[in-house]
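Peer 1: Give me a 3D structure for the following:
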Amino acid sequence: MKAREPNIKYVEWQSPDELHEISLNWVSELKFIKDEQHFLDELMQNYMLELLSGNVYKKSKKVLNDLSEERKDLEPLFKEIINHHNALAILVDGKDQPVEEKQYKDDHRALIIKVNEYLINYKDTKRKVFELIKTIMKREKQKRLLS
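Peer 2: Numbering: from 1, shown residues only. You can find the predicted model right below:
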């Protein structure tokens, strides 16, 4: 799924407080995703036999790989956001540093795009996990009704 490029020209006019809030929201969202990934892992483990058998094997293998990639990409992105958030001091230290301030805002623009792409990809992967589990659960329910 291709991420839609967000309108990021407004970063120039955002105050340090607004940039701080945005960074905190990213951190919060990524922490939630980390917890959510543990839930998805447990969900997939509960249905592992069903995922490995039958006609859902190829699809489940792809979804498991996608989920693994999302998990692997999360930590570096999280660290990058924390470092970016810590560098916010450049904007509030009272010193006139136009080059560093411009670089910070350029980095913020790049992070907006990176975080949005990650969130879109993660949500797509999560949707695939739920569709896969839903298919398995329907099949199990039908088997129980027929028995």
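
Peer 1: Now do the contacts for Val63.
Peer 2: Thr125, Lys128, Val129, Leu132 (Cβ atoms under 8 Å, 6 or more residues apart in numbering). Every residue, glycine included, has its C-beta placed from N, CA and C.

Peer 1: confidence score at the residue nearest to it when sequence neighbours are not counted?
Peer 2: Setting aside the residues directly before and after it, Val63 is nearest to Lys128 in space (Cβ to Cβ, 6 or more residues apart in numbering), at 4.9 Å. Looking at Lys128, its pLDDT is 94.

Peer 1: okay, now Lys128: neighbour count?
Peer 2: For Lys128, the number of neighbouring residues by other Cβ atoms under 10 Å comes to 16.

Peer 1: Is it correct that it is in contact with Asp66?
Peer 2: Yes: in this structure Lys128 lies within contact range of Asp66 using Cβ atoms under 8 Å: 6.8 Å.

Peer 1: and the residue nearest the centre of the chain, what does it touch?
Peer 2: In the chain, the centroid-proximal residue (Cα atoms, centre = their mean) is Leu119; its distance is 3.8 Å. Contacts for Leu119 (Cβ under 8 Å, 6+ apart) come out as Glu29.
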